[in-house]
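Engineer: one predicted model, sequence on top.
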Amino acid sequence: MMEPIRVVVTGAAGQIAYSLLYIIAKGDVFGPDQPLILHLLDIPPMMGVLEGVVMELADCAFPLLKEVVATAEPDVAFKDVSSAFLVGAMPRKQGMERRDLLAANVKIFKVQGEALDKNAKKDVKVLVVGNPANTNALICSKYAPSIPKQNFTAMTRLDQNRAQAQVAAKLGVPVADVSNVIIWGNHSSTQFPDASHAFAYVNGVKKSIPEALKDDMWLGNTFVESVQKRGAAVINARKMSSAMSAAKAAGDHMRNWFQGTEVGQFVSMGVLSDGSYGVPKDIVFSFPVEIQNKTWKIIPNLAISDFARKMLDTTAKELEEERAEALEIIGA
Ligand SMILES: NC(=O)C1=CN([C@@H]2O[C@H](COP(=O)(O)OP(=O)(O)OC[C@H]3O[C@@H](n4cnc5c(N)ncnc54)[C@H](O)[C@@H]3O)[C@@H](O)[C@H]2O)C=CC1
Ligand SMILES: O=C([O-])CC(=O)C(=O)O
């Protein structure tokens, strides 16, 4: 039997966590043989609700779940964790951009960065889900200097999954037959969903997406805009932001990080820019990556069209502006 690993989920009494905890505890993220100790963090007024979540986790009788620690203390929540899902933050409401959440949320990620630095394993893998996710991840890593910068990532996997689903629907093929759609940049309405390097199996034949679709107008306009605005469309319909799909995406992101990607498969993750593709350094920017031995690597040498260049520059500029705002808010 493998030794249990400690996994923390913040915002554990909230709506994303309600779906995510099930996915993790069932073994879909860390594998069917990996026992787990779940650490659940929320704020003091939510401890009653969290108690109910703890009861339900017990009632699920998950064989892999060895222990649950529910707390409002970051030092307890982050103690010895190998994986951290930072979900706890205010969600946006109808009519807001995710960036409007900076003032409310960025301070949370400073405190949690400090708590990770002090308590977590030094190889902890951190996924920031709380919005604005890219800039929150940047701030979190700044306050955890003893943990390598590569261990902090932001979630754009939901955008990737949305984009993959939309391309599959347009082509009329199963979603699993579409691969390597890329999300570049910010998890915001400036992100660039890019299917120019993606491919699909159509009637058993592997084809590039532009070749299979033969509709560059759709790929450069409707597709880009509908992925950029999908989160807002869900909020308009549900009056609450995406939760089930966000939880699924968080599980996908961490599963690939721990268990690797398939040969030739790209996944998109917000990571600290190293200047690849002419993107400024010191912002958390979503790139296509491949993962082996729990280490991600940006896919190099993809062709960037003039259109793509403009889209990358626009989303990078927004991230630089968010960084300046965030640093001002936390007084750094
Ligand atoms: N990156 C992405 O693709 C997505 C990001 N999100 C973001 O995820 C975040 C969470 O969304 P939901 O679960 O729907 O919100 P929610 O409001 O249902 O739950 C958030 C939970 O976080 C808790 N919380 C607040 N401050 C905290 C702190 N300092 N420490 C620990 N817990 C804290 C709240 O008490 C609440 O229980 C939001 O910021 C939302 O915008 C949502 C969907 C997709
Ligand atoms: O749109 C929102 O505010 C929630 C979110 O990040 C998403 O659904 O992608």
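Structural biologist: Done, it's in. The shown structure was predicted, so the numbers you read here are calculated from the model rather than taken from an experiment. Ligands and ions are numbered 1, 2, ... in the order given.
Engineer: how about stretch 112-125, does it reach ligand 1?
Structural biologist: No. If you take CB under 6 Å from any ligand atom as the test, stretch 112-125 misses ligand 1, and the best it gets is 7.1 Å. C-betas here are computed from N, CA, C, even on glycine.
Engineer: could you look up the SS state of whichever residue of the stretch 201-332 of the chain sits closest to ligand 2?
Structural biologist: Nearest residue of the stretch 201-332 of the chain to ligand 2: G231, at 2.3 Å (CB to the nearest ligand atom). Classification of G231 using DSSP: H, G, I helix; E, B strand; the rest coil returns helix.
Engineer: correct me, but it touches S245?
Structural biologist: No. The pair G231 and S245 does not pass the contact test of CB atoms under 8 Å, sitting 9.6 Å apart.
Engineer: where do the contact lists of those two overlap?
Structural biologist: Contact criterion CB atoms under 8 Å, 6 or more residues apart in numbering; residues shared by G231 and S245: L158.
Engineer: of the two, give the one with the bigger neighbour count.
Structural biologist: Counted by other CB atoms under 10 Å, G231 and S245 do not tie: G231 has more neighbours, with 23 against 19.
Engineer: what is the single longest strand found in the chain packed up against?
Structural biologist: Counting by DSSP state E, the longest strand found in the chain is strand 284-292. In terms of contacts (3 or more CB pairs under 8 Å, 6 or more residues apart in numbering; DSSP states H and E), strand 284-292 is packed against helix 133-142, strand 152-154, strand 182-184, strand 267-272, strand 295-298, helix 306-329.
Engineer: got the CA coordinates for the fourth one in CSV?
Structural biologist: Meaning strand 267-272. Output of strand 267-272 as CSV, limited to C-alpha atoms (Å, rounded to 0.1, in the frame of the first residue of the first chain):
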residue,chain,number,x,y,z
VAL,A,267,-2.4,20.8,-22.3
SER,A,268,-2.7,24.5,-21.4
MET,A,269,-1.7,25.8,-18.0
GLY,A,270,-1.0,29.3,-16.6
VAL,A,271,2.7,29.2,-15.7
LEU,A,272,5.3,31.8,-15.0
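Engineer: now the strands for the stretch 1-150 of the chain?
Structural biologist: In the stretch 1-150 of the chain, the strands defined using DSSP state E, counting those that start in this stretch lie at 5-10, 36-41, 65-71, 83-86, 125-128.
Engineer: mind putting these into JSON lines with mean neighbour count?
Structural biologist: Listed next are those as JSON lines, based on neighbours: other CB atoms under 10 Å:
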{"stretch": "strand 5-10", "mean neighbour count": "25"}
{"stretch": "strand 36-41", "mean neighbour count": "24"}
{"stretch": "strand 65-71", "mean neighbour count": "17"}
{"stretch": "strand 83-86", "mean neighbour count": "28"}
{"stretch": "strand 125-128", "mean neighbour count": "26"}
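Engineer: so which of those gets nearest ligand 2?
Structural biologist: strand 125-128 (11.4 Å).
Engineer: got the end-to-end distance for stretch 221-239?
Structural biologist: By CA to CA, to the nearest Å, the extent of stretch 221-239 from end to end equals 26 Å.
Engineer: show me what contacts the residue of the stretch 51-200 of the chain found nearest ligand 1?
Structural biologist: The stretch 51-200 of the chain approaches ligand 1 most closely through G88 (2.6 Å), counting by CB to the nearest ligand atom. Going by CB under 8 Å, 6+ apart, G88 touches 10-12, 14, 41-43, 108, 130.
Engineer: quick one: pLDDT of it?
Structural biologist: You'll see G88 listed with a pLDDT of 98.
Engineer: how close does it get to Y143?
Structural biologist: 16 Å (CB to CB, to the nearest Å).
Engineer: so S83 makes contact with V7?
Structural biologist: Yes. Judged on CB under 8 Å, S83 makes contact with V7 at a distance of 4.6 Å.
Engineer: get me the contact residues on this protein for ligand 1.
Structural biologist: When proximity is defined by CB under 6 Å from any ligand atom, the chain lies next to ligand 1 at 10-11, 13-16, 41-43, 46, 87-92, 108, 129-131, 133, 155, 158, 187, 241-243, 246.
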